[in-house]
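Kindly return the folded structure for what I paste below:
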Amino acid sequence: MKERGQGTGWYEGFFIIIAILMLVTTRAMQDFWNESLKMSLEKQKLSERVNVKVHVLRGGHEHRIPISDIVFGDVVCLKRGCEIPGDGLFISGSVKLDDGTEYGISIQNQFLLYGTTVINGNGRMLVTSVGNETEWAEAMRLVAHDSNEKTPLQAQLDRVYTWTQIIALLVSITILVISFLRYTLGKIYDGTQGSDFKDRPKTVRDFMDAILCLTVKPKGRISILTTALTVFVVGLQEGLPFVVTLFIAHIKKKAASNRAIMQELLACISMGSLTTICADNVGGLMLNQMEVDVFRTAEAILKEVSGLAPNVVEPLCNGIGIPVLLFETPRSIVGDPFVQWARTKLDMRMEILEQSCTVVETKKLNEESCGVLMKKKNQEGGTNLYLHWKGPAPRILIMCSHYYDEKGSKKVMDKESRESFNRFIKDMQAEYPQTIAFAYKNAEVEELDEENLILIGLFGLKSRPLEEKIKAITDFRNAGVCFKLVSGDNTQTLKAIAEDYQLLPPGSDDQVLTGSEFRNLTDEERTNKVDRITVMGDALPLDKLNFVKCLRQNGHVVGVIEVHTKQTPTLKEADVGITTGSFSTEIVRETSAIIITNATVNFLLDLIIYGRSAFENIQKFIQVELTMNVAALLINIIMTVRYGDSPITTIQLFWANIIVAFLGGVALLTEPPTRKMLEKPPQARSDPLITKPMWRNLVTQALYQVAILVTFQFKGETIPGVKKKAIKTMIFNSFILCQVYHQFSARDLEKINVFKGIHKNHWFWVAVGLEIGLQVAVIVISRFVFGGVWLDCKQWVVCVLIGLGSMVIDWVAKLVSSFSIKCFTGVGSPDPGCKLAPSPSVKVVSNLELPLMCYDGGSEVIQS
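This is a model prediction of the structure:
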């Protein structure tokens, strides 16, 4: 205020106060918000559980009570849609649960477990344990993975924040020590004319005055050193986490792309660090899955069904979806070829079918043929009665008296058309292992008959080529991700699957174990052998839990694919728990980090690419942010210690942090993912967030900026067209432009060609354009806010050349580094087109479904 007056003199102090408030309140508010959100979600889940009602027999009468009121000894009446409220003994009826198990009087297994839901049938059970006494609760207590344990990225970011605080503190102490030494030697300036203090400190009062001199200038203005340290800490401690959190939320939504539900913010990033995926042989893997190859109406085979009439699409979706929801287990639903086809081609939503349809009666003739009598809500608020049949084409054809053509017209199936259909079916049976037909009719009475149906269409199913599946396995293996089959199924069956799909290459030392053999090993033997075990069959849920524990103890980042309630402890133990859509149980979905709605393992490969790309983008952003703050701090240290003043003011430092943190974040964090990410190894838990190439880039860039800008402060007037009063403004402008050009250099942390694929990231150009435009605007008004001057064309050219110099320094540093490696080790940088050799211990499998990625030239950008 004394130096600049009331008009602008309050700016510095005001921004210091804002910085302190941000530092104190932002983190507290963020923690409070996260904790409140967590508590509200838990409260909502608890409320939903309390609102669940079940029917019980008490005192000889049936009562409807909350599930939380169930006690030991209650007899629960089981109906379709009823949750199993606890462990208990099945005493009457016949039911089928959503985990695929069936219970009846003639079935030996009569014990039901908490967490499953009845999908078909009626019965009664005697409750023997509830709450913490159930087997599920007992298994959850064995989970060693703390839910509050930080992910690899969180742990690495915390280390960066911690070191930031330590460095800021050390710098502050160093400056104080240096300044005291100069003061004791009589070299401290008084801040006005550069003259020395006449006397050295002799009393405590003298030393207190010296401290005040270091932090506050003689005219009352706060020292630029103090503000620099404030901005440094605030910029890194609050700006960086805030921008990274926003980016992670964005990438989470983009990666899901209506194909998955990410229940944890960092689930996608964690996918990029996966080294091992454990799956049931069919619990999401579906190695032997059939797929729809053709759909045929009366006239012809339809490769594209977008023009199919709505009155054909609706009954076809009903006929595909409702029988699956009723009869199929989660294991077979996950890979049902008709469901996958209808979701992709017809945009079928299983959730809508569940809400709008009510099943009246069902009939299953065999494993392939079934009939469903159902009611469906109409637009008038009433219901319509429909009868659907699905099964082998010859059998369904006998039931039909009419058929739909491609345009949706209903036609009578006379003798000629029936013979034509028989020929179609015979031709399809000669080409396809399975030929399935769908038919339906509007029913007038609630009777499940087998006549006068309308034929909707015929499907030809075939198995996916073996070469395509092996190619998918190779993609995972080259990505450094190991796929292990761990299941309760027969060990020899799992081994045969592994051999067919090259999970157990000839001559490999991979092992095949049974659950009992793994169970009988000591803890040390398990830890030593778990990396080499590729197949483990006949495994109990506890075996799979211990298997995942051993992998994590060995440093693996583990993902688990499961749909069964018994495996929820294993999902909880894993770094990333993955399940599949509405076909898993409610408890499994609550436990999982990722719910894949389209039920294809191929989508996991996309998530791995997104995760690795996001992690690398965060590294690029951190490099630019750290470089800017380190350079600014060094410039301020040098100039403050030497002359008691700095060319970069408090407001300018705030502006630099804002423009780099937000617009720089947009430029670097939005780099699109490419398949090149699969050539890089997974990020291990112990790997540093700031790598050696990042340190090289950071040091060279910071030293260049400090050297050129400090030199410009001393010798700037020798440059033609540069005036003394414009030097500070030019230093500030050059400093910002150095950060802008550094964003170009940071697009690739190791390679010289940083422009490859730059045209594909439109947000990068938008952000850079905004940065330059806003900087021009700031320079225009700098004389009012920063005390600067207007720059002419020659001065702008000088600033641009200084900024371009940061790119030249980056190229030189990368060239020297590459040349040095080649000279001293004889190995150059890897060819960008070469595949990295996978670790010998890494083996992967998948049956990748239809490709989810579009390729564009060499960089193969994923289109979401």
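
and Pro337, how far is that from Val312?
Here the criterion is Cβ to Cβ, to the nearest Å. By it, Pro337 lies 19 Å from Val312. The way it works is simple: take the backbone N, C-alpha and C, and place the C-beta from them, glycine included.

neighbour count winner among the two?
Neighbours were counted for Pro337 and for Val312 using other Cβ atoms under 10 Å; Val312 has more, 22 against 19.

low-confidence ranges in the stretch 351-500 of the chain?
Residues of the stretch 351-500 of the chain meeting the criterion pLDDT under 70: 366-367, 464-466, 468.

all helices of it, in order?
393-399, 415-431, 466-478, 491-500 (DSSP state H, counting those that start in this stretch).

for the stretch 751-864 of the chain, same thing?
Going by DSSP H, counting those that start in this stretch, the stretch 751-864 of the chain shows helices at 762-780, 782-785, 793-825.

can you state the direction angle for the last one and helix 762-780?
Looking back up the chat, that one is helix 793-825. Inter-element angle recorded for helix 793-825 and helix 762-780: 130 degrees (by axes from the mean of the first three to the mean of the last three Cα atoms, to 10 degrees).

I'd like the average pLDDT over helix 793-825.
The predicted model assigns helix 793-825 a mean pLDDT of 87.

Which strands and helices lie in contact with it?
helix 692-715, helix 727-745 (3 or more Cβ pairs under 8 Å, 6 or more residues apart in numbering; DSSP states H and E).

List just the one of those that sits closest to Ile809.
helix 692-715 (4.5 Å; Cβ to Cβ).

What residues of the closest one count as buried?
By neighbour count on 16 or more other Cβ atoms under 10 Å, the buried set for helix 692-715 is 693-694, 696-698, 700-702, 704-706, 708-710, 712-713.

in stretch 439-450, what counts as buried?
Buried-residue list, stretch 439-450, by 16+ other Cβ under 10 Å: Ala439, Tyr440, Lys441, Ala443, Glu450.

With stretch 263-273 instead?
Gln263, Leu265, Leu266, Ala267, Cys268, Ile269, Ser270, Met271, Gly272, Ser273.

what's Asn122 in contact with, if anything?
The contact partners of Asn122, taken as Cβ atoms under 8 Å, 6 or more residues apart in numbering, are Cys77, Leu78, Lys79, Arg80, Gly93, Ser94, Val95.

Excluding residues flanking it in the chain, which one is nearest the third one?
When you say that, I think you mean Lys79. Spatial nearest neighbour of Lys79, excluding adjacent residues (Cβ to Cβ, 6 or more residues apart in numbering): Asn122 at 5.6 Å.

which one in the buried residues of stretch 263-273 is the model shakiest on?
Leu265 (77).

need the contact list for it.
Thr245, Ile248, Ala249, Lys252.

Would you show me how to pick out the buried ones of these in ChimeraX?
The ChimeraX selection below is limited to those of the contacts of Leu265 classed as buried (16+ other Cβ under 10 Å):
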select :248,252
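
Pick out whichever of the contacts of Leu265 sits closest to Glu431.
Lys252 (43.2 Å).

which non-adjacent residue is nearest the closest one?
Using Cβ to Cβ, 6+ apart, the nearest residue to Lys252 is Met262, at 4.7 Å.

Repeat that for Phe459.
Counting by Cβ to Cβ, 6+ apart, the residue nearest Phe459 is Ile436, at 4.8 Å.

Run through the strands of the stretch 251-400 of the chain in chain order.
Along the stretch 251-400 of the chain, the stretches classed as strands by DSSP state E, counting those that start in this stretch are 260-262, 276-279, 290-296, 301-302, 357-364, 370-377, 383-392, 400-404.

again, but for the stretch 51-200 of the chain
53-58, 61-66, 75-78, 87-97, 102-104, 111-112, 118-129.

Pick out the shakiest of these, pLDDT-wise.
Among these, strand 102-104 scores lowest, with a mean of 69.

so Glu62 makes contact with Val76?
No. Proximity of Glu62 to Val76 does not meet the contact threshold set by Cβ atoms under 8 Å, at 10.3 Å.

Between these two, which is the more surrounded one?
Applying other Cβ under 10 Å to Glu62 and Val76 shows that Val76 carries more neighbours, namely 25 against 11.

Specify the stretch among the helices of the stretch 751-864 of the chain that is closest to His556.
Minimum separation from His556 across the helices of the stretch 751-864 of the chain (Cβ to Cβ) falls at helix 793-825, 29.0 Å.

Now do that closest one against helix 727-745, angle only.
40 degrees.

Helix 793-825 versus helix 692-715: what angle between them?
Going by the same axes, to 10 degrees, helix 793-825 makes 140 degrees with helix 692-715.

Report the buried residues of helix 793-825.
795, 798-800, 802-803, 805-807, 809-810, 813-814, 817.

if we can go back for a sec, now do the residue nearest to Lys252, the pLDDT please.
In this model, Met262 is scored at 81, pLDDT.

On the strand side of things, show who it bridges to.
Ile594 (DSSP bridges).

If you tally nearby residues, what's the number for it?
19.

mind listing what it touches?
Lys252, Lys253, Ala255, Ala256, Cys268, Ala593, Ile594.

give me that answer again for 10 Å
For Met262, the contact set (Cβ atoms under 10 Å, 6 or more residues apart in numbering) comprises Ala249, Ile251, Lys252, Lys253, Ala255, Ala256, Cys268, Met271, Ala593, Ile594, Ile595, Leu607.

In helices, which of those fall?
Taking DSSP state H as the definition of helices, these contribute Ala249, Ile251, Lys252, Lys253, Ala255, Ala256, Cys268, Met271, Leu607.

ok, Asp347 touching Cys317?
Yes. The criterion here is Cβ atoms under 10 Å, and Asp347 meets it with Cys317 at 8.9 Å.

quick one, which of those two is more surrounded?
Comparing Asp347 with Cys317 by neighbour count (other Cβ under 10 Å), the higher total belongs to Cys317, at 22 against 9.

The more buried one: what's it in contact with?
Counting by Cβ under 10 Å, 6+ apart, Cys317 has contacts Phe338, Val339, Ala342, Arg343, Leu346, Asp347, Met348, Arg349, Met350, Ile352, Leu353, Phe438.

now Ala393
Counting by Cβ under 10 Å, 6+ apart, Ala393 has contacts 296, 421-422, 424-426, 428-429, 434-439, 455, 457-460.

which among those residues end up buried?
Buried among the contacts of Ala393 by 16+ other Cβ under 10 Å: 296, 421, 424-425, 428, 434-439, 455, 457-460.

separation between the nearest residue to Ile261 once chain neighbours are set aside and Thr565?
Nearest-residue entry for Ile261: Ile595, 4.2 Å, with adjacent residues in sequence omitted and distances by Cβ to Cβ, 6+ apart. From Ile595 across to Thr565, the span is 15 Å (Cβ to Cβ).

about what we covered before: mind putting the helices of the stretch 751-864 of the chain into JSON lines with distance to Gln743?
Below are the helices of the stretch 751-864 of the chain laid out as JSON lines (distance: least, Cβ to Cβ, whole Å):
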{"stretch": "helix 762-780", "distance to Gln743": "7"}
{"stretch": "helix 782-785", "distance to Gln743": "22"}
{"stretch": "helix 793-825", "distance to Gln743": "10"}
